[in-house]
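In: just the structure for this:
(chains A and B)
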Number of protein chains: 2
Amino acid sequence: MSGSLVVVGLGPGSMDLLTPAATKALSAATDLVGYETYLDRIPKTIASGRRHVSGNRVEIDRARHALTLAIEGREVAVVSGGDPGVFAMAAAVFEAIEAGDPAWRELDIRIEPGITAMLAAAAEVGAPLGADFCAISLSDNLKSWETIERRLHAAADGDFVIALYNPASRARPNQLGRAFNLLRTKKSPQTVVLFVRNAATPEARVVMTELGEADPALADMRTLVIIGAAATRLVSRNGRRPFVYTPRAEHEVVR
Amino acid sequence: MSGSLVVVGLGPGSMDLLTPAATKALSAATDLVGYETYLDRIPKTIASGRRHVSGNRVEIDRARHALTLAIEGREVAVVSGGDPGVFAMAAAVFEAIEAGDPAWRELDIRIEPGITAMLAAAAEVGAPLGADFCAISLSDNLKSWETIERRLHAAADGDFVIALYNPASRARPNQLGRAFNLLRTKKSPQTVVLFVRNAATPEARVVMTELGEADPALADMRTLVIIGAAATRLVSRNGRRPFVYTPRAEHEVVR
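Out: Numbers count the residues shown, from 1 in each chain, chains lettered A, B, ... in the order given. Sure, this is the predicted structure:
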């Protein structure tokens, strides 16, 4: 008798952005595995399963623990912020499966998608991801800084809008400043830069600035940074924060 | 007296992936504006507002119509597939605002995020977007093919996982083949390629293949194509489709 494992995306924070499918998966679980901050978001009235709390920096161990519970016959939900497939728990689960007990890969395993941080951040300000874009994690816990630089160069060469996940943490205070400096060698100092903290929550905070003067100290672990393409622009308003969007066309095709 | 406008992301198709926030926005609307296929997805029991149906290829006119209704005092919901900010209606709304009646930009305008196609497609197969990735629309209705080629080159140079939106349509049958040919000059023929059609619906269909032999005829308007990074890999299973994922690390850091 073996159980199942579903990796559930909780979205950016508000229960109002949790999909009905994700809610059902949480309700059906006999066991919930996750980082404390994410588990604490889920009301007991929605999910009454046993909770297995873990720290934030041990994704692979958390995945192995969840897989072990599933093999024992439990219906396990691994909870993940945002979307599980975007810089979150899903890849860690498959890493554990590939390197682990061959029985793990025969389990019933499912991913429940969620609203990932860049979508919530973009919605706060307008439509900055309105043209081609890329998503890069600035964390070098698991990849080299050289790879991150290679991707920043490529993103600038392609004139992609750039969403930066994990822009800063206490252990990595300098990455974002290095990324800005690299991009300043390739992109205009007037390029739009957005710092969106706690997107889609009542505590949401937005700073709009330009690459030439963007201050990396404005970012922390709860911030998503968006760096515009050449065409990304502001639409001014009377006494209110401008809208920010990237036109679908490069040129004035539709006007 | 002026109304409001909210651009609502319906997600990939299933009502089970529509967020509670999006459902509330649809319910509160006095008027719903959108492409027929998307409006038809929304039960009248959820949204009783007046429905303004439009064709698929006139986003900017649809946006102007919605803004005109809002200025007249209506509470307007513009419905969008997936996430409104990703190759969907939000950018068209801001294009219309920027070029239109100055009163439009003073309206109360909001974006309700949704599950965009690449997240649903990724969830069908595992975690192919598990490392840095980019999203490129292959439609050259509004941008030049040269720009698309520039971005494909950059995506390959950065070894990003690539999600291709709008890979093919009746009017553009050849773009995907040209994109594959370009990528074949830069990436290994063993690179994982996924065709995911109707993700997150009961009709979901997945084809897993390699760049060297990927057949562009497998894609249509309802298909999302994912091209792996160098590290993207399959995890085989007994008698079932393999999982596909991209490890967070480039090297065997965590094993």
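
In: can you report how many residues lie near A:Met221?
Out: Using other Cβ atoms under 10 Å in any protein chain shown, A:Met221 has 12 neighbouring residues. Quick note: C-beta positions are derived from backbone N, CA and C, even for glycine.

In: I should have written A:Arg248 there, sorry.
Out: Counted with other Cβ under 10 Å, A:Arg248 comes out at 25.

In: please name the nearest non-neighbouring residue to A:Ser139.
Out: Counting by Cβ to Cβ, 6 or more residues apart in numbering or on different chains, A:Ser139 lies nearest to A:Asn166, which is 4.1 Å off, once chain neighbours are set aside.

In: list the contacts of the one you found.
Out: Contacts for A:Asn166 were tallied using Cβ atoms under 8 Å, 6 or more residues apart in numbering or on different chains; they are A:Phe87, A:Ser137, A:Leu138, A:Ser139, A:Arg172, A:Met221.

In: so how far is A:Ala219 from the fifth one?
Out: When you say that, I think you mean A:Arg172. 11 Å (Cβ to Cβ, to the nearest Å).

In: more neighbours, those two?
Out: A:Ala219 (25 against 16).

In: angles on the backbone of that one, please.
Out: Backbone torsions of A:Ala219, given as degrees, to the nearest 10, read phi -100, psi 140.

In: in chain A, what residue spans correspond to helices?
Out: Remark: helices assigned in chain A by DSSP state H are A:20-28, A:36-40, A:59-71, A:89-99, A:117-125, A:145-157, A:175-184.

In: mind listing what's buried along the first one?
Out: The one in question is helix A:20-28. Within helix A:20-28, the residues that qualify as buried are A:Ala21, A:Ala22, A:Thr23, A:Ala25, A:Leu26, counting by 16 or more other Cβ atoms under 10 Å in any protein chain shown.

In: do the fourth one as well
Out: Residues of helix A:89-99 classed as buried under the neighbour-count rule (16+ other Cβ under 10 Å) are A:Met89, A:Ala90, A:Ala91, A:Ala92, A:Val93, A:Phe94, A:Glu95, A:Ala96, A:Ile97, A:Glu98.

In: what's the closest of the contacts of A:Asn166 to A:Glu75?
Out: Nearest to A:Glu75 out of the contacts of A:Asn166 is A:Phe87 (Cβ to Cβ; 25.9 Å).

In: let me see the contact set for the closest one.
Out: A:Phe87 neighbours (Cβ under 8 Å, 6+ apart): A:Ala135, A:Ser137, A:Ser139, A:Tyr165, A:Asn166, B:Arg248.

In: and if we set it to 6 Å?
Out: Going by Cβ atoms under 6 Å, 6 or more residues apart in numbering or on different chains, A:Phe87 touches A:Ser137, A:Tyr165.

In: ok, now A:Arg222?
Out: A:Arg197, A:Asn198.

In: that one and A:Glu59: what is the separation?
Out: Taking Cβ to Cβ, one finds A:Arg222 at 18 Å from A:Glu59.

In: distance of the residue most central in space within chain A relative to B:Pro202?
Out: The structure's chain A has its C-alpha centroid closest to A:Ala117; by Cα atoms, centre = their mean the separation is 4.4 Å. As judged by Cβ to Cβ, A:Ala117 and B:Pro202 stand 29 Å apart.

In: got any ranges where the stretch 1-150 of chain A has weak pLDDT?
Out: The stretch 1-150 of chain A contains residues with pLDDT under 70 at A:1, A:56-57.

In: who in it is up against chain B?
Out: A:16-17, A:19-21, A:60, A:83, A:85-86, A:90-91, A:94-95, A:97-99, A:105, A:111, A:113, A:115, A:119-120, A:122-123, A:126-127, A:129-130, A:132-136, A:142-143, A:147 (Cβ under 6 Å from any Cβ of the partner chain).

In: taking the buried residues of helix A:89-99 together, which two end up most distant?
Out: So, the buried residues of helix A:89-99 by Cβ to Cβ: farthest apart are A:Met89 and A:Glu98, at 15.0 Å.

In: count the residues that sit near the closest residue in space to A:Gln175 that isn't next to it in sequence.
Out: Nearest non-adjacent residue to A:Gln175, counting by Cβ to Cβ, 6+ apart: A:Leu138, 4.5 Å away. Applying other Cβ under 10 Å, we find 22 residues neighbouring A:Leu138.

In: list the contacts for A:Leu138?
Out: A:Leu164, A:Asn166, A:Pro167, A:Gln175.

In: repeat that for A:Leu10.
Out: A:Tyr38, A:Val79, A:Gly81, A:Gly114.

In: burial count for the residue nearest to the second one when sequence neighbours are not counted?
Out: Looking back up the chat, that one is A:Val79. Nearest non-adjacent residue to A:Val79, counting by Cβ to Cβ, 6+ apart: A:Gly34, 3.6 Å away. A total of 26 residues lie near A:Gly34 under the criterion other Cβ under 10 Å.

In: how about A:Thr232?
Out: A:Thr232, neighbours per other Cβ under 10 Å, totals 25.

In: can you check the pLDDT for it?
Out: A:Thr232 is assigned a pLDDT of 98 by the prediction.

In: returning to what we had before: quick check: the residue nearest to A:Ser139 vs chain B, distance?
Out: 11 Å (Cβ to the nearest Cβ, to the nearest Å).

In: quick one: that residue from A:Tyr35, how far?
Out: A:Asn166 is 14 Å from A:Tyr35, by Cβ to Cβ.

In: okay, now the domains of chain A?
Out: A:4-115, A:118-245 (automatic domain parsing).

In: confidence score at the residue lying closest to A:Ala214 once chain neighbours are set aside?
Out: Leaving aside its sequence neighbours, A:Ala214 sits nearest to A:Val193 (Cβ to Cβ, 6+ apart; 4.3 Å). Per-residue confidence (pLDDT) for A:Val193: 98.

In: from chain B, how far out is the nearest residue to A:Val53 once chain neighbours are set aside?
Out: Nearest non-adjacent residue to A:Val53, counting by Cβ to Cβ, 6+ apart: A:Glu36, 4.9 Å away. A:Glu36 sits at a distance of 21 Å from chain B (criterion: Cβ to the nearest Cβ).

In: what is the neighbour count of A:Glu36?
Out: Using other Cβ under 10 Å as the criterion, the residues surrounding A:Glu36 number 12.

In: that one contacts A:Gly55, correct?
Out: No: assessed by Cβ atoms under 6 Å, A:Glu36 is found out of contact with A:Gly55, at 7.6 Å.

In: coming back round to it: quick check on the residue nearest to A:Ser139: phi, psi?
Out: phi 50, psi 50.

In: buried subset of the residues of the stretch 1-150 of chain A next to chain B as a ChimeraX selection?
Out: If you want just the buried ones from the residues of the stretch 1-150 of chain A next to chain B in ChimeraX, going by 16+ other Cβ under 10 Å, the selection is:
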select /A:17,19,21,60,83,85,86,90,91,94,95,97,98,105,111,113,115,119,120,122,123,126,127,129,130,132,133,134,135,136,142,143,147
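
In: coming back round to it: residues near the residue nearest to A:Ala214, how many?
Out: Neighbours of A:Val193 using other Cβ under 10 Å come to 24.
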